[in-house]
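Engineer: pasting the sequence and the predicted model now:
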Amino acid sequence: MIYRPAYIDKIMAYTDTPFVKILTGVRRCGKSTILKMIMEKLRAEKNIEEKQIVSYRFDSMEYEDMTAKQMYEELKGKLCEGKKTYYFLDEMQEIQGWERVVNSLLSDYDVDLYVTGSNSRMMSSEISTYLTGRYVAFRIYTLSFEEYLTFKKQYTAVGDIRSELAEYIRLGGFPAVHLQDYSREEVYTIVKDIYNSTIFSDIVRRNQIRKIDQLERVVKYTFNNVGNTFSAKSISDYLKSEKRKVDNETVYGYLEKLEKAYLLHRCSRYDLRGKEILKTQEKFYLADTALRYCVLGYNADTLAAALENVVYLELCRRGYQVYIGKMGTHEIDFAAVRQNEKLYIQVTQQINSEQTEKREYERLLEIHDNYPKYVLRTDEFAGGNYEGIKTMHAADFLLSKEF
């Protein structure tokens with residue numbers, strides 16, 4: 001197992017506190033492994049005995065028909081008499097009413113609870129009812145660029161980081177594909193399996209969707225339009241042009257289910273002048289860039305959108321609320337907010353004309369505040385600042401500690 005301190009250290013700061021630690025994220029992003037790492041650290045650093053650590057994985061067929069009451073009795077039977085019990089409960093969303101079980105254990109016994117799930121039902125109103133003020137949520141993402149480099153160093157030499165960025169964008173960050181030197185074909189086979197299991201287990205089966213072909217067409221449209229603003233009506237009109245009639249509400253429903261399975265991230269537009277979130281023409285980004293390529297095939301023309309996707313995810317990893325910035329008729333790729341911090345970013349694969357350069361910089365110059373502004377690119381350039389706007393290679397930005 002390769003240590004992921006960005007998550008482990010944050011989660012372990014809450015060890016032995018009266019909060020349930022809830023880890024959520026897309027399938028195979030590393031939640032289960034993070035639980036194992038925490039167990040190891042408890043044994044090694046806190047001298048927790050083996051009998052105090054209780055681990056379950058509830059997506060096993062062994063627990064397929066388990067009720068909340070049965071779960072409670074099962075877990076209660078594993079309590080360590082006279083000492084705190086540490087419970088690690090993986091894929092809890094599979095058990096209806098798990099929130100009540102966790103709440104009861106927390107209320108009645110000396111326990112420390114760690115829970116994971118691959119569906120945002122984990123963060124539903126049920127949690128608000130049973131666990132208000134008693135849980136801390138951690139969103140787990142696929143590997144960051146920095147983590148990708150750490151993983152790769154374990155089995156091969158790492159090249160120039162700018163070349164590595166191109167490879168990272170193409171192969172994505174699912175930990176499973178970076179445990180050894182897989183070919184691209186093998187990587188996409190692994191990621192396609194993750195995609196299929198998410199679609200059919202977390203969306204089709206759970207929501208009893210019958211028109212699977214309709215869902216897959218919405219998925220392909222969305223994946224093909226990463227980084228573009230569109231609406232449910234845009235998708236509905238496109239499908240109608242293909243002689244596939246789907247109403248707007250059905251499309252909205254599919255998009256919501258894809259979000260709940262953490263395959264998609266919705267990015268709203270924010271009016272920087274009016275200071276309000278706009279409810280039309282949003283963008284969607286993928287949980288991982290490799291999802292697009294495993295479903296639609298690789299196309300070099302999509303690299304600019306994939307780069308934007310990578311920057312979006314990095315901002316989310318670092319705790320920013322990310323929006324598309326709207327300034328009159330212009331848009332800023334990202335306006336990111338974290339408590340009292342804010343930054344603005346334009347992402348471009350390359351600037352090959354004065355017209356492109358003017359477009360990228362002038363939009364940022366229209367914002368009259370003192371928060372950091374960046375233009376990120378992947379081509380060769382002189383660097384430096386342009387009237388206070390910092391130009392950086394995207395690889396350097398992703399590895400930077402300054403934001």
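Structural biologist: Alright, I've got the coordinates.
Engineer: okay, residue 128: pLDDT?
Structural biologist: Looking at residue 128, its pLDDT reads 65.
Engineer: sorry, slip of the keys, the one I care about is residue 256.
Structural biologist: 94.
Engineer: how far out from the middle of the chain is the helix or strand containing it?
Structural biologist: Under the criterion of DSSP states H and E, residue 256 resides in helix 248-260. Computed by Cα atoms, centre = their mean, to the nearest Å, the separation of helix 248-260 from the middle of its chain amounts to 18 Å.
Engineer: list the buried residues of it.
Structural biologist: 250-251, 253-255, 257-258, 260 (16 or more other Cβ atoms under 10 Å). C-beta here means a position set from N, CA and C on the backbone, and glycine is covered the same way.
Engineer: by contact count, what packs against that helix?
Structural biologist: Helices and strands touching helix 248-260, by 3 or more Cβ pairs under 8 Å, 6 or more residues apart in numbering; DSSP states H and E, are helix 212-224, helix 232-241, strand 264-271.
Engineer: least confident of these, on average?
Structural biologist: Among the helices and strands packed on helix 248-260, helix 232-241 scores lowest, with a mean of 92.
Engineer: in it, what's buried?
Structural biologist: Buried, per 16+ other Cβ under 10 Å, within helix 232-241: 232, 234-236, 238-239.
Engineer: ok, of the buried residues of helix 248-260, which one's closest to residue 303?
Structural biologist: residue 258 (22.9 Å; Cβ to Cβ).
Engineer: relative to residue 142, how far out is the closest one?
Structural biologist: Distance of residue 258 to residue 142, computed by Cβ to Cβ, to the nearest Å: 16 Å.
Engineer: quick one on the thing from earlier: tabulate the buried residues of helix 232-241 (CSV), appending distance to residue 101.
Structural biologist: CSV is the format used below for the buried residues of helix 232-241 (distance: Cβ to Cβ, whole Å):
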residue, distance to residue 101
232, 37
234, 42
235, 39
236, 41
238, 44
239, 42
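Engineer: any chance of the helices and strands packed on helix 248-260 in CSV, with distance to residue 290 too?
Structural biologist: Below are these laid out as CSV (distance: least, Cβ to Cβ, whole Å):
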stretch, distance to residue 290
helix 212-224, 11
helix 232-241, 23
strand 264-271, 14
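Engineer: how about the contacts made by residue 40?
Structural biologist: Residue 40 makes contacts with residue 1, as judged by Cβ atoms under 8 Å, 6 or more residues apart in numbering.
Engineer: confirm that it sits in a strand.
Structural biologist: No. With DSSP: H, G, I helix; E, B strand; the rest coil as the criterion, residue 40 is helix rather than part of a strand.
Engineer: longest strand in the protein, by number of residues?
Structural biologist: strand 276-286 (DSSP state E).
Engineer: that'll do, ta.
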